[in-house]
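Undergrad: sequence and predicted structure, then a few things I'm wondering about:
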Amino acid sequence: MVFNETLAMKNIRWKIGVLFVGGFIASAVWGQTPPVDEEDEASAAAVVEREKEATDRRGRNEENDDEYAASAMGGYRVELSAPGDVDDFLKRYLDLYQMQKRKDLAEEDFLLLVDRAPQNVQSLLKTLGYFEAQAETQVTQDSEGVAVHLKVTPGAQVMVAKVDVRITGAIEQDEAMMAQFQRALERRLWRLPKGAPFDQTAWDESKRRVLDHIISRHYATAAITGSKAEIDLKTHQATLMLEIASGPAYVFGEVSIIGLEHYPEKVVRDQIRIKSGDTYQRRDLLDLQSELQNLSYFSGVVVEALPSEEAPYVAPVAVIVQEVPHNKLDLGIGYSSNYGVRVQSRYTYNNILNRGWVFDSLLNLSGSERQAEVGLSFPKHRNGYGHRLFAVYNDNDFQGIHSRAGKWGVSRTKKHNKIERVMSVEFVHENRHDDYGTEDTLKALPFGYRWVRHDVRTQRNPRSGNVVQLEGNVALKGLLTDESFVRLYGRGVQYWPVGNKHVALVRLELGQTFTSHPEKVPTEYLFRAGGSNSVRGYDYQSLGIAHREATWPGRVLAAGSIEYQHMVYKDWRAAVFVDYGDAADRWSDWNGKTGVGVGARWTSPVGMLGTDLAYGIDSQTWRFYFSLGMSF
């Protein structure tokens, strides 16, 4: 479809420029910009014009430094007298509180903060519905230093007496859509029902939710045409009015791809399930953008509709992509408590035979493990499934067991929203032995299925939600397999926010391999426990079947953890935890081991970085652990 030179087309070209410039800048720096934290924060402070006039004197020239140091306050404390809900709110947002730990605060700036405090209190409390708040300040000095006594009388809180939400336009002709909207309005969209205290943040959020709901369903050009909050200070009541014009109902037009130069168009077209004439749904655009961003060919993707201003009301779709180079080489060195120092090399070529096939190779070297892997991935089909051929060689030495294993296979993967499904068939050949002459040569052809759901708000700093992983493997004796087995495994972690900043989590891990002769089953399909993300306080994979000075894998596994993380400073949390678990040959042999400890967590730009000091109660040993990434 050919687009006319419209404002919408100019907008597309502008976004292309942003993508290209962004891609160039990203390739020129080593670090990564920290993603925006997705945790909900009260936005009331943003509603009020913060009247900070305290000056930062660190940039003054040398001749003024002595004068500044002489007049510095050295900190002060605030003693607040206010009702509970108001007390917490002011402690979080009031400038007087935010500045009290500043040792370099000048005396004149301190006095200005004190003078401004009553006005700032009144402005802040208006956002909670207290329009007649009064505040008084008094400064005293005692043996503990300077104190500011702040007494707040919030007065009567304004309550919502009436809510009037009106939707006009083409949506009025769609009875089903209007009924669906009314249900959504009552159940989840509107945060200020009749009888609730007036809250500026909830008022703004309610307007945004209602408008987003209309825009995302058929009515791409919906807009707020009227918005009013009338406050009656005599009756302490609020009347809220919101009017939205839906505009016409749209259907999708043709899809155009912009920015594609080196990769075949098919890799994008196969992901597009939007058809010309389909009813406009914003979710379809977001799903397509997410699908394309998950491909290895692009560093940036924008998918947007371009609604026409006149009938027929069609919204053509523009897919704007920023390509990545065909070749990519990553080199790295790191350390983990499980493997020690590790050197890694990863090479990727994204366009084999100009078909968008992706070749990848990985080499990992550490003191206890050597791993090499190559793979060939094919672009996802229209049904959402992608396929991969792979070969892996692994040579490791853990807990007295030496293992050399080769694996060849094919996998079929589908990712949609929060769920990933992987089906695979792989042939495994392993040689394992201990230092006392026990040796096994094993082979198996298991069929596998893995289901993973990631339901956390942010991967970088999970505070709520859960991650669940379920696996199953089946191998039949005689079908390139020494011994039949069925392996079932599940793992999950649940996060709960505690207050505004703290986190509690529970992790559970269960597994069992059903087989008559576990000594004929490859190590990968049996279980050991211990180490980071397992039972801390014990060496990596040290819990299992103890024989001589080696730990052999067993048929059953059960382990769990309870952890509490307390915010101590900005992105730093202190952690306490209890782990309990074991691996064994039978459930009757299972004997849970306990580990307890403390740790530190830092929400870094690239993920959660953690250190733990754990004590194994049963082994009476201390262990130190270091990890990077979400605990799972």
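TA: Yep, it's here. Numbering: from 1, shown residues only.
Undergrad: nearest to the spatial middle of the protein, which residue is it?
TA: Nearest residue to the geometric centre of the chain (Cα atoms, centre = their mean): Thr458, 1.5 Å.
Undergrad: got the phi/psi numbers for it?
TA: phi -150, psi 130 (degrees, to the nearest 10).
Undergrad: need the pLDDT of it.
TA: For Thr458, the pLDDT comes out at 76.
Undergrad: separation between it and Val452?
TA: In this view, Thr458 and Val452 are 17 Å apart by Cβ to Cβ, to the nearest Å. C-beta: built from backbone N, CA, C; applies to glycine.
Undergrad: do Gly465 as well
TA: Distance, Gly465 to Val452, by Cβ to Cβ: 14 Å.
Undergrad: and if you look at Val152?
TA: Taking Cβ to Cβ, one finds Val152 at 50 Å from Val452.
Undergrad: and what of Ile617?
TA: Separation of Ile617 from Val452 (Cβ to Cβ) stands at 32 Å.
Undergrad: ok, the two, which is more surrounded?
TA: Neighbour count, other Cβ atoms under 10 Å: between Ile617 and Val452, Val452 has more, with 17 against 14.
Undergrad: ok, Ser411 - contacts?
TA: Ser411 makes contact with 387-388, 390, 422-424, according to Cβ atoms under 8 Å, 6 or more residues apart in numbering.
Undergrad: try it again at 10 Å.
TA: By Cβ atoms under 10 Å, 6 or more residues apart in numbering, Ser411 lies in contact with 375, 377, 386-390, 422-426, 448, 450.
Undergrad: any idea how far Glu205 is from Gly195?
TA: Glu205 sits 18 Å away from Gly195, taking Cβ to Cβ as the criterion.
Undergrad: who has more neighbours out of those two?
TA: Using other Cβ under 10 Å, the more surrounded residue of Glu205 and Gly195 is Glu205, with 17 against 9.
Undergrad: A strand includes that one, no?
TA: No: counting by DSSP: H, G, I helix; E, B strand; the rest coil, Glu205 is not part of a strand but helix.
Undergrad: that one and Trp190 touch, don't they?
TA: Yes: here Glu205 reaches Trp190: they are 9.5 Å apart, a contact under Cβ atoms under 10 Å.
Undergrad: would you confirm that Asp212 contacts Ala220?
TA: No: in this structure, Asp212 is not within contact of Ala220 by Cβ under 10 Å, at 11.8 Å.
Undergrad: what's the neighbour count on Ala584?
TA: By the measure other Cβ under 10 Å, the count of residues near Ala584 is 21.
Undergrad: and the pLDDT at it?
TA: With respect to pLDDT, Ala584 scores 97.
Undergrad: if we can go back for a sec, Asp212 and Ala220 - which one has more neighbours?
TA: Legend: neighbour count by other Cβ under 10 Å for Asp212 and Ala220, higher for Ala220 (24 against 13).
Undergrad: leaving out the residues flanking it, which one is nearest to Leu557?
TA: Excluding its sequence neighbours, the residue lying closest to Leu557 (Cβ to Cβ, 6 or more residues apart in numbering) is Phe527, at 3.7 Å.
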